[in-house]
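Student: Got a sequence here, can you model it:
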Amino acid sequence: MQKFSLAILLIILLGFTLLFNLYFNFNSPFSDLAWSFLHGKVYFIEKIVSPDLIFFHNHYYWHMPPLPAIILMPFIFIFKIKVTQGWINLLLNLILFGLIYYLAHKKFNFSKINSIWLAVLYLFSSVHINLVIFPNAWSFAQTVSTFLIFLSLLEFFSKKRYWLIGILVGLVFLNRYLAGLVAIFYLLDIFFEQEKWQKKIRQSAQFLVPIFFCGLIILGYNYLRFSNPLTTGYKLTWFNQHYYAFSTDGQFNLKYIPTNLYYYFLESFRPNYLPVLPGQNTHQLAFPSIVPYQRGSLSFFIISPLFLLLFKADYRKKINKQLLATAFIILYILLCYYYNGHYQIGPRYFNDFLPLLFIILLSYFQNKEFSNYYKLIIIISIFLNFYIGVYLLANTDLLRI
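Tutor: Numbering: from 1, shown residues only. As a prediction, the model looks like this:
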């Protein structure tokens with residue numbers, strides 16, 4: 001019976017996921033950029049629409065690092081058409097589901113059934129759901145980062161070849177700079193786990209050299225675009241230039257911490273009042289009675305309720321301390337960032353370090369019964385998250401970029 005119920009749930013999830021991805025089945029900035037790369041250009045050779053475009057020296061550029069476009073290049077080269085990012089995003093998430101299942105089952109010794117539940121938990125009962133059902137440009141980049149981080153974690157819990165982990169983390173830097181800070185976790189492990197300094201130095205070199213070369217690629221890419229290796233383009237986008245026109249606080253500032261703390265951890269649903277004439281008010285609610293704040297972000301723990309168990313995890317374990325320390329460093333940077341990623345199901349930026357928190361969660365569930373109570377929470381969370389996704393799709397077009 002339990003297997004049958006899980007099979008039904010998986011079919012429903014796949015159906016909803018396909019519906020969302022069919023809705024997003026259109027050309028994308030990374031697909032257009034891949035098309036440009038194949039023509040030897042680092043700027044868009046065809047017109048696109050996006051709030052993050054950069055107009056520089058009579059050309060339009062994309063501010064994000066190049067890896068997602070590079071991933072799409074072989075598909076576009078083979079099929080001679082601009083393959084949309086949505087289908088590749090769906091493929092990566094399907095593989096990611098299997099990767100999480102394998103990690104839970106083979107490396108953390110969960111049963112096959114519970115390993116499937118844990119994969120469902122990560123993809124649909126957490127902020128990762130943004131990346132599954134909203135395969136826009138920003139989500140696609142985070143899907144690629146998440147996939148690479150889990151590959152590096154799988155290698156860490158397997159053969160622990162630091163040269164390979166370094167390559168994977170370097171590729172994360174080629175995709176999302178902030179997510180690349182997961183490198184801190186591996187450096188902490190090298191420093192605290194190895195007793196001999198010779199081995200610390202050797203493993204650090206094996207790990208850092210690939211990241212260094214990926215950094216050189218980023219610098220060269222920046223130079224080709226903006227004639228300055230240190231200019232990433234983030235401050236040059238139309239959106240950011242509009243923001244800086246009326247703000248003097250900059251891209252990172254401690255002043256943003258209270259705002260981000262609220263939206264990341266405290267924001268909840270809002271009442272949906274009946275429409276009234278200007279100057280009037282009402283306490284009567286319209287259907288649906290409660291709605292997410294369209295331009296904000298629901299609390300991480302509303303979207304990812306089982307992650308509350310992180311507070312009960314055993315931080316006497318050295319690895320949990322290192323994972324949490326790395327996650328806190330990335331979170332601190334996000335708290336100081338001027339933008340919290342509006343139009344989302346929970347704080348989607350958390351996906352930059354969510355795999356690290358998930359490993360702590362796996363450690364917590366080890367040697368415990370993964371009870372029906374947890375499974376019920378996952379199911380309720382999933383349907384709540386899909387409701388929010390449908391609401392956002394009905395109320396904004398920005399998700400389609």
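Student: Which of the helices or strands spans I54?
Tutor: strand 53-56 (DSSP states H and E).
Student: oh sorry, the question was meant for I290
Tutor: Of the helices and strands defined by DSSP H and E, I290 is found in strand 285-291.
Student: Contacts for that strand next, please.
Tutor: With contacts defined as C-beta atoms under 8 Å, 6 or more residues apart in numbering, strand 285-291 is touched by F269, R270, P271, N272, Y273, L274, P275, Y387, Y391. Glycine gets a C-beta too; all of them are placed from N, C-alpha and C.
Student: Let's see that with 7 Å instead.
Tutor: If you take C-beta atoms under 7 Å, 6 or more residues apart in numbering as the criterion, strand 285-291 is touched by F269, R270, P271, N272, Y273, L274, Y391.
Student: Show the subsequent helix or strand relative to that strand.
Tutor: helix 300-303.
Student: Figure out how far that next one is from the centre of its chain.
Tutor: In terms of C-alpha atoms, centre = their mean, to the nearest Å, the centre of helix 300-303 is set 15 Å apart from its chain centre.
Student: again, but for stretch 176-184
Tutor: For stretch 176-184, the distance between its averaged C-alpha position and the chain's averaged C-alpha position is 12 Å (C-alpha atoms, centre = their mean).
Student: which outside residues touch it?
Tutor: 65, 141-142, 145, 149, 169, 172-173, 211, 326, 329-330, 333, 352-353, 356.
Student: And stretch 28-35, by the same measure?
Tutor: By C-beta under 7 Å, 6+ apart, the list of residues contacting stretch 28-35 from outside reads 44, 46, 48, 50, 62, 68-69, 72-73, 76, 82-85, 137, 140.
Student: Tell me the buried residues within those.
Tutor: When neighbours are counted using 16 or more other C-beta atoms under 10 Å, those contain these buried positions: 44, 48, 50, 62, 68-69, 72-73, 76, 82-85, 137, 140.
Student: now, the most widely separated pair of those residues?
Tutor: The largest distance within the buried ones among the contacts of stretch 28-35, taken as C-beta to C-beta, falls between S50 and M73 and amounts to 19.6 Å.
Student: Does C214 lie in a helix or a strand, and which?
Tutor: Assessed by DSSP H and E, C214 sits inside helix 197-226.
Student: now Q344
Tutor: Secondary-structure assignment from DSSP H and E places Q344 in no helical or strand segment.
Student: and it, backbone torsions?
Tutor: phi -160, psi 160 (degrees, to the nearest 10).
Student: Then the one 5 residues further on?
Tutor: With angles defined as degrees, to the nearest 10, Y349 sits at phi -60, psi -20.
Student: repeat for H59
Tutor: Here the main-chain torsion angles of H59 (degrees, to the nearest 10) amount to phi -130, psi 160.
Student: Which residue comes closest to it once chain neighbours are left out?
Tutor: The shortest distance from H59 to any residue other than its chain neighbours is 3.8 Å, reached at Y43 (C-beta to C-beta, 6 or more residues apart in numbering).
Student: my guess is that neighbour is in a strand, correct?
Tutor: No - residue assignment for Y43, taken from DSSP: H, G, I helix; E, B strand; the rest coil, gives coil, which places it outside any strand.
Student: Go ahead and confirm it touches L53.
Tutor: No - under the criterion of C-beta atoms under 7 Å, Y43 makes no contact with L53, lying 10.2 Å away.
Student: shared neighbours of these two, anything?
Tutor: Joint contacts of Y43 and L53 (C-beta under 7 Å, 6+ apart) are Y60.
Student: picking up where we left off before, return the closest of the buried ones among the contacts of stretch 28-35 with respect to Q203.
Tutor: Compare each of the buried ones among the contacts of stretch 28-35 with Q203 using C-beta to C-beta and the shortest gap goes to P68, at 29.4 Å.
Student: that older thread, just the buried residues of the strand holding I290, please?
Tutor: Counting neighbours by 16+ other C-beta under 10 Å, the buried set in strand 285-291 is V291.
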